[in-house]
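> No sequence on hand, only this structure:
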């Protein structure tokens, strides 16, 4: 378990590593990679900074409501054709998908603000 301060100064615990050090000045390579992949594949429907969009829901809310990584992985790989979401199988690998999950989870927990996350 990792403990961080959110953007409001509150203590937050999470099972993912978001920052490389206790001073929270640099996100992990995974979170940075997730931000990049989210920007390339997800933002058009799910909105900039994972806040929801015209076509698809706010993924931060999905995670706040209990969406786990296995559920996220299954949704990304399988898609939701009835809701217009394509399958990203063969396009995004599991490393990419896990990084996107980490980025969205960090946003959901208010550990990183919108925009490019702080990196070293």
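Great, that's in hand. For clarity, every value in this text was computed on a predicted model and none was experimentally measured.

> okay, which residue is most central for this structure?
residue 104 (1.7 Å; Cα atoms, centre = their mean).

> Tell me which residues touch that one, please.
34, 38, 50, 59, 60, 63 (Cβ atoms under 8 Å, 6 or more residues apart in numbering). C-beta here means a position set from N, CA and C on the backbone, and glycine is covered the same way.

> Inside helices: which ones of those?
34, 38, 59, 60, 63 (DSSP state H).

> returning to that earlier point: now the phi/psi pair for the residue nearest to the centre of the chain, please.
phi -60, psi -40 (degrees, to the nearest 10).

> and the gap between residue 40 and residue 92?
9 Å (Cβ to Cβ, to the nearest Å).

> Sorry, wrong one. I was asking about residue 108.
20 Å.

> Check residue 11 too.
From residue 11 to residue 92 the distance is 33 Å (Cβ to Cβ).

> So between these two, which is more surrounded?
residue 92 (20 against 8; other Cβ atoms under 10 Å).

> quick one: contacts for the more buried one?
37, 41, 76, 100 are the contacts of residue 92 under Cβ under 8 Å, 6+ apart.

> Closest one of these to residue 119?
Lowest distance from residue 119 to the contacts of residue 92 (Cβ to Cβ) belongs to residue 37, with 14.6 Å.
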